[in-house]
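Trainee: coords please:
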Amino acid sequence: MNKNFLFITLMIAIFTACSKNKTTGGGPVVIIPIPVTNNQHISVLTQHNDNTRAGLNDKETSLTTTNVNPAHFGKLFTLDVDDEVYAQPLVVANMAIDTGKHNVVFLATVNNTVYAYDGDNGHLFWKKNYTIPGMRPPFHTDMSSSWCNPYTDFTSNIGIVGTPVIDSSAQIIYFVARSTDGSQFVQYLHGINIVTGAEQPGSPVQISASVRGSGDGSVNNVVSFDPMRNNQRQGLTLVNGIVYITYSSHCDWNPYHGWILGYDAKTMKQITVYNDTPDGENGGIWESGMGMAADALGNLYITTGNGTVGQGNFFSSTGNGTADNGPNPNPTDLRNRSESALKLTPAGDTLQISSYFTPTNYYNLNVNDLDYGVMGTFLIPNSNYYFTGCKDGNLYLLNKDNMGGYSSASNQVQQTVPINVNLHCQPSYYKGGNNEFVFVWSENDQLRGLSFNRSSNTFDNSQVVSTQNGPSGQSGAELSVSSNGIANGTGILWAAYQVNTGAGYVKGPGILRAFDANDITKELWNSTQNPNDFVGDYAKFSSPTVANGHVYLATFSNHVVVYGLKQ
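Mentor: Okay, the predicted model is just below:
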């Protein structure tokens, strides 16, 4: 029996006999969770573990390729919530709360409710709702338009969607909650205490922004943030004392733009406003819900979706998210930057593009709704390279400081890897003793492992491909990796996706799978092998969180499933 991860639930039944001569009655059954001490205390404070967004926890000492199997691994318990969960579960390790220190998992729902649970035994410490008084969370039918009717990207409420971010030193969790009274729509950035759920000074702050520009929806050469149409989909980013929030749209519903807004983490005051298409349209920042990558110097890395590139002809106001009036005369002008990878550097109260890459075929991508910016991206750890992918099936490996710019003749990038499938997914990374992989599992494709060669700083030509059937329709899988450093037998790739039906527009059952990260042709375990391990409805764009011997998986079935070692 693994004493570090098995918890004991003590049932105390208090039955007091009642008789005609006694006035005391029987009490309820009391369930007291008593966890065995967990010796692991690893935090996951942001989407995909850290600001590289590589999705690797390389400090997992319990889960191995030997004990993650149907006999020893499975569902331990569930954490109940009040609605669907899009946000990845986050963990603060060894946190002082209640009467001791605990590994605490934080969950956020589309009903604008945040929960703090004991991640080892499922005890609820607190929960609070952050909908503005007198309002409700927006509902998917609120976003109906001539372009998307009915609107099916969401199935119910649209409250907290982007994964929060936690400052464990300041003991604050930051998130964006949305509210409406049916006509007025508002978004607020909250910074709350992780021990109590109480708002911090300056919180919440209503989100608003504007920039000078003649782009879609501008009034008197001012483009303003629209809290109804702008969709806060990506995970939040905290770097160098600034909380960054990024935006896309609801179903390409014009007018909209890609925004990045930065707030001082201490004062909650807005200090950064960046719009990627101020004289154009669109440019949504999607990335399948993954957080924006950042380096230690505070540079930000993103890819942008359909919209205006450069200056010239810029938009068609058709509401379909495509510019159909021809390529721009000057696609190298940095003023409008859709269909691009960007390195953004803080500059005063905005961001400046210090490097970029725009594919040669950007115009065709735009016209055919093949956004560059829909797949998750990350910085390959301990390297100078940025891993990105386009909906047309091309993976692009970029030098993060010299991405390649734009050329009408050919793409000047570190490497192009054609996959030839529609890329909606969250990739991940693993480094073992002898191998280093980037994993990608998009819809209508098999799981792929791309071997990264440090000598050439490129991917080897050969790929490892799993024989397991994967997600169909739309979208692909969310991937995370756990290991104990580079120790043999500890690397595990975790994959979550929807089975049988496409997750883009229809809610359906999910699956969690575990593979040997050194050889993904070997599946170790999956949640369909035992009826007790059933996931529930798949949570789109919510990666598995692996920490302290547990795997936390969000669902659309009003709970988060906790998997771990059973014996």
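Trainee: measure residue 399 to residue 144 for me?
Mentor: 43 Å (Cβ to Cβ, to the nearest Å). Yep, even glycine has a C-beta here, placed from its N, CA and C like the rest.
Trainee: Between the two, tell me which one has more neighbours.
Mentor: Ranked by neighbour count (other Cβ atoms under 10 Å), residue 399 and residue 144 place residue 399 first, with 18 against 15.
Trainee: residues contacting the more buried one?
Mentor: 384-386, 413-414 (Cβ atoms under 8 Å, 6 or more residues apart in numbering).
Trainee: Kindly recompute the last result at 6 Å.
Mentor: 384, 414 (Cβ atoms under 6 Å, 6 or more residues apart in numbering).
Trainee: And for residue 58?
Mentor: Taking Cβ under 6 Å, 6+ apart, we find residue 58 in contact with 483, 485.
Trainee: now swap in residue 544 and tell me
Mentor: 480, 494, 496, 551, 553.
Trainee: secondary structure class for the second one?
Mentor: Translated: residue 494. The three-state label given to residue 494 by DSSP: H, G, I helix; E, B strand; the rest coil is strand.
Trainee: phi, psi of residue 39?
Mentor: Residue 39 adopts backbone torsions of phi -80, psi -10, taken as degrees, to the nearest 10.
Trainee: How about residue 365?
Mentor: Taking degrees, to the nearest 10 as the convention, residue 365 sits at phi -60, psi -40.
Trainee: And stretch 532-541, end to end?
Mentor: Terminal residues of stretch 532-541 are spaced 24 Å apart (Cα to Cα, to the nearest Å).
Trainee: Residues in contact with that stretch: which ones?
Mentor: By Cβ under 6 Å, 6+ apart, stretch 532-541 touches 74-75, 85, 288-289, 498, 503, 507, 510, 512, 527, 554-557, 561.
Trainee: Residue 334 reaches residue 352, doesn't it?
Mentor: No - Residue 334 is beyond contact range of residue 352, at 8.3 Å (criterion: Cβ atoms under 6 Å).
Trainee: the strands in the stretch 101-250 of the chain, which residues?
Mentor: 113-118, 124-129, 165-167, 172-180, 185-193, 205-206, 210-212, 222-224, 230-231, 237-239, 242-246, 248-249 (DSSP state E, counting those that start in this stretch).
Trainee: Pull the residues that contact the third one.
Mentor: Defining contact as Cβ under 6 Å, 6+ apart, one finds that strand 165-167 is touched by 45-46, 90, 173-174, 236, 238.
Trainee: go on, the fourth one?
Mentor: The set of residues that contact strand 172-180 without belonging to it, under Cβ under 6 Å, 6+ apart, is 106, 108, 112, 130-132, 135, 138, 159-160, 164-166, 186-192, 194, 200, 232, 236, 243, 245.
Trainee: Buried residues of it, list them for me.
Mentor: Across strand 172-180, burial judged by 16 or more other Cβ atoms under 10 Å covers 172-180.
Trainee: repeat for the fifth one
Mentor: By neighbour count with 16+ other Cβ under 10 Å, strand 185-193 contains the buried residues 185-192.
Trainee: Can I get that strand as CSV, trimmed to CA atoms?
Mentor: Extracted in CSV, the C-alpha atoms of strand 185-193 (Å, rounded to 0.1, in the frame of the first residue of the first chain):
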residue,chain,number,x,y,z
PHE,A,185,-22.1,43.1,-20.5
VAL,A,186,-19.1,43.6,-18.1
GLN,A,187,-15.9,41.8,-17.4
TYR,A,188,-13.9,42.2,-14.2
LEU,A,189,-10.4,41.2,-13.2
HIS,A,190,-10.4,39.8,-9.7
GLY,A,191,-7.5,39.3,-7.4
ILE,A,192,-8.6,37.3,-4.3
ASN,A,193,-6.9,35.8,-1.3
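Trainee: how far off strand 242-246 does it point, in degrees?
Mentor: Counting by axes from the mean of the first three to the mean of the last three Cα atoms, to 10 degrees, strand 185-193 points 150 degrees away from the direction of strand 242-246.
Trainee: Strand 185-193 packs against which elements?
Mentor: Identification of packing neighbours for strand 185-193 by 3 or more Cβ pairs under 6 Å, 6 or more residues apart in numbering; DSSP states H and E yields strand 172-180.
Trainee: run the last query once more with 7 Å
Mentor: If contacts are counted by 3 or more Cβ pairs under 7 Å, 6 or more residues apart in numbering; DSSP states H and E, strand 185-193 sits against strand 172-180, strand 205-206.
Trainee: quick one: low-confidence parts of this protein?
Mentor: Filtered on pLDDT under 70, the chain yields the residue ranges 1-36, 312-328, 567.
Trainee: all helices in it, in order from the N-terminus.
Mentor: 362-367 (DSSP state H).
Trainee: Just put the helices and strands packed on strand 185-193 in CSV and tack on distance to residue 330.
Mentor: Below are the helices and strands packed on strand 185-193 laid out as CSV (distance: least, Cβ to Cβ, whole Å):
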stretch, distance to residue 330
strand 172-180, 35
strand 205-206, 37
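Trainee: Among those, which comes closest to residue 227?
Mentor: Closest to residue 227 of the helices and strands packed on strand 185-193, according to Cβ to Cβ: strand 172-180, at 7.4 Å.
Trainee: That closest one versus strand 113-118: what angle between them?
Mentor: 150 degrees.
Trainee: Of the contacts of residue 544, which is the nearest to residue 376?
Mentor: residue 480 (11.5 Å).
Trainee: neighbours of the closest residue to residue 249 other than its chain neighbours, just the number please.
Mentor: Residue nearest to residue 249 in three dimensions, not counting chain neighbours: residue 256, with 3.9 Å by Cβ to Cβ, 6 or more residues apart in numbering. When neighbours are defined as other Cβ under 10 Å, residue 256 has 27 of them.
Trainee: And residue 212, by the same measure?
Mentor: The number of residues packed near residue 212 is 12, by other Cβ under 10 Å.
Trainee: hang on, it packs against residue 221?
Mentor: Yes - applying Cβ atoms under 7 Å, one finds residue 212 in contact with residue 221, separated by 6.1 Å.
Trainee: returning to what we had before: most neighbours of all the contacts of strand 165-167, which one?
Mentor: Within these, neighbour counts (other Cβ under 10 Å) peak at residue 90, which reaches 29 neighbours.
Trainee: was I right about that residue contacting residue 47?
Mentor: No - applying Cβ under 7 Å, one finds residue 90 not in contact with residue 47, separated by 8.3 Å.
Trainee: which residue packs closest to residue 414, ignoring adjacent ones?
Mentor: residue 397 (4.6 Å).
Trainee: Please narrow the contacts of stretch 532-541 to those residing in strands.
Mentor: 74-75, 498, 510, 512, 554, 561 (DSSP state E).
Trainee: returning to what we had before: what's the closest of the buried residues of strand 172-180 to residue 452?
Mentor: Of those, the one sitting nearest to residue 452 (Cβ to Cβ) turns out to be residue 174, at 32.3 Å.
Trainee: For residue 478, see how far away the closest one is.
Mentor: The spacing between residue 174 and residue 478, counted by Cβ to Cβ, is 22 Å.
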